[in-house]
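Asker: everything below, folded, please.
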Amino acid sequence: MPPADRRPRGVVPAVTTEGRRKPKEPRPTVNTMMRIIERAELDQLARDLDKLE
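Answerer: Here you go, the predicted structure:
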């Protein structure tokens, strides 16, 4: 029984068919997340102001 058959069903190896490893998605840092959230809040405030005018 080759080792590949012992993998649980649905688990895909991290190696593509060409044999190269898949690049992992970089996780956004806390600073990046804060900037994204602040940007979204500012956009929302600007939209609310436009409605009031």
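Asker: please make it C-alpha for all contacts and neighbour counts, starting now.
Answerer: OK.
Asker: quick one: Arg47 from Asn31, how far?
Answerer: 24 Å (CA to CA, to the nearest Å).
Asker: what mean pLDDT does stretch 27-35 get?
Answerer: What stretch 27-35 shows for mean pLDDT is 87.
Asker: start at 2, not 1
Answerer: Sure, I'll start counting at 2 from here, so that last one is stretch 28-36.
Asker: next, the buried residues of that stretch.
Answerer: Within stretch 28-36, no residue counts as buried by 16 or more other CA atoms under 10 Å.
Asker: restricting to C-alpha, output that stretch in CSV.
Answerer: Output in CSV follows, covering the C-alpha atoms of stretch 28-36 (Å, rounded to 0.1, in the frame of the first residue of the first chain):
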residue,chain,number,x,y,z
ARG,A,28,-2.0,36.2,5.6
PRO,A,29,-2.8,39.9,6.0
THR,A,30,-1.1,41.4,9.0
VAL,A,31,-3.1,43.2,11.7
ASN,A,32,-1.9,46.6,10.4
THR,A,33,-3.2,45.8,6.9
MET,A,34,-6.6,44.7,8.3
MET,A,35,-6.9,47.9,10.4
ARG,A,36,-6.1,50.0,7.3
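Asker: quickly find the element holding Lys52.
Answerer: helix 31-53 (DSSP states H and E).
Asker: which elements pack onto that helix?
Answerer: The helices and strands touching helix 31-53, judged by 3 or more CA pairs under 8 Å, 6 or more residues apart in numbering; DSSP states H and E, number zero.
Asker: so where is the chain shaky, pLDDT-wise?
Answerer: Applying pLDDT under 70 to the chain picks out residues 2-10, 12-23.
Asker: how about 80 then?
Answerer: Regions of the chain meeting the criterion pLDDT under 80 cover residues 2-29.
Asker: so Glu26 belongs to a helix, correct?
Answerer: No - per DSSP: H, G, I helix; E, B strand; the rest coil, Glu26 lies outside any helix segment and is coil.
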